[in-house]
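Novice: from the sequence below, what's the structure:
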Amino acid sequence: MAVQKLVAAAVAVALLSLILNNVAAFTPSWVFQALEDGRKRSVGLWKMCFVAERGREAGGTARQCQTLGWGAEYSGFQESRSTVKLQFDMMRACNMIATVALTAGQLIYLLGLVELPLITQDSQWWEEVIAALFQLASFVLVIGLVTFYRIGPYTHLSWSCYVDIAACLLATLAAAMLIWNILHRREDCLTPRVIVISRSLAAPFRPRLDNDYVESPF
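Specialist: Predicted structure coming up:
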């Protein structure tokens, strides 16, 4: 019962990671850029918004947004367009792979609860596949996030990036919980060591001569 609770807890952690990963993907706040003309904008994976300075608009801060796609080259001041394009395309691909992996892990867990003939909780591969999918999600998110180690001097990481870092850590935690459970369950299934005692050791002790050879007096 405790084993099933641990698996359910790991799946719940992965579900939270999936939610945060999608929040980070569809919000326009991955990086905050300053442009040459003094304007500022926030750029996300699939959306970009210009931010007007306070006081210029009657309502305070006005946002003009537009949708982004693959190959977008919206770089900040003193930033390379090719570098920005590579960073965001890589992050989009990694985000999508992580979403698919986390979703597949959730579905396999639910199918195991239904007790299908081929997918049951007692199957040897059921928990291992879920752990592998969560670990894959964590791995690809790390690859995507590492590409943002180098940004322009007038560009700053925004809160969506940190949300995705949290999603990556949660996916790593979920995979670690399942791997720990798999390893400990295998140790419990191993047969205990049996110590065989020889019959000669169990026999009563009989004193004997120090030397097997005894000289004859004749």
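
Novice: by contact count, what packs against the top helix by length along the chain?
Specialist: The longest helix of the chain (DSSP state H) is helix 81-114. Where contact means 3 or more C-beta pairs under 8 Å, 6 or more residues apart in numbering; DSSP states H and E, helix 81-114 is packed against helix 2-25, helix 126-146, helix 159-189. For every residue, glycine as well, the C-beta is placed using N, CA and C.

Novice: quick one, what contacts the closest residue to residue 158 other than its chain neighbours?
Specialist: Spatially, and ignoring its direct neighbours in sequence, residue 158 is nearest to residue 29 (4.2 Å; C-beta to C-beta, 6 or more residues apart in numbering). Shown in contact with residue 29 (C-beta atoms under 8 Å, 6 or more residues apart in numbering): 42, 44, 158-160.

Novice: pLDDT below threshold where in the chain?
Specialist: In the predicted model of the chain, residues 1-3, 52-63, 76, 79, 116-123, 185-218 satisfy pLDDT under 70.

Novice: would TSV of the helices and strands packed on helix 81-114 with distance to residue 99 and mean neighbour count be doable?
Specialist: As requested, the helices and strands packed on helix 81-114 are exported to TSV (distance: least, C-beta to C-beta, whole Å; neighbours: other C-beta atoms under 10 Å):
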stretch	distance to residue 99	mean neighbour count
helix 2-25	6	19
helix 126-146	8	21
helix 159-189	10	18
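
Novice: centre of the chain versus stretch 102-116, how much separation?
Specialist: 18 Å (C-alpha atoms, centre = their mean, to the nearest Å).

Novice: just give me the neighbour total for residue 66.
Specialist: Residue 66 has 11 neighbours, counted by other C-beta atoms under 10 Å.

Novice: just to revisit the earlier point, of all the helices and strands packed on helix 81-114, which one is nearest residue 86?
Specialist: helix 126-146 (11.0 Å; C-beta to C-beta).

Novice: so which elements touch the closest one?
Specialist: Against helix 126-146 (3+ C-beta pairs under 8 Å, 6+ apart) you get helix 2-25, helix 81-114, helix 159-189.

Novice: list the pairing partners of the helix or strand following it within its sheet, with orientation.
Specialist: Sequence-wise, the next helix or strand downstream of helix 126-146 (DSSP states H and E) is strand 155-157. Next to strand 155-157 in the sheet, as set by DSSP bridges, lie strand 31-34 (antiparallel).

Novice: now the strand it pairs with, how far from the centre of its chain.
Specialist: 27 Å.

Novice: show me what that strand is in contact with.
Specialist: Looking at what lies outside strand 31-34 - C-beta under 8 Å, 6+ apart - the contacts are 40-43, 74-77, 79, 148, 151-152, 154-158, 161.

Novice: go again with 6 Å.
Specialist: Contacts with strand 31-34, where a contact means C-beta atoms under 6 Å, 6 or more residues apart in numbering, come from 40-43, 76-77, 154-158.

Novice: make CSV out of those and add distance to residue 34 and neighbour count.
Specialist: Below are those laid out as CSV (distance: C-beta to C-beta, whole Å; neighbours: other C-beta atoms under 10 Å):
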residue, distance to residue 34, neighbour count
40, 5, 15
41, 9, 19
42, 11, 22
43, 12, 23
76, 6, 21
77, 5, 14
154, 4, 15
155, 7, 19
156, 9, 14
157, 14, 15
158, 13, 18
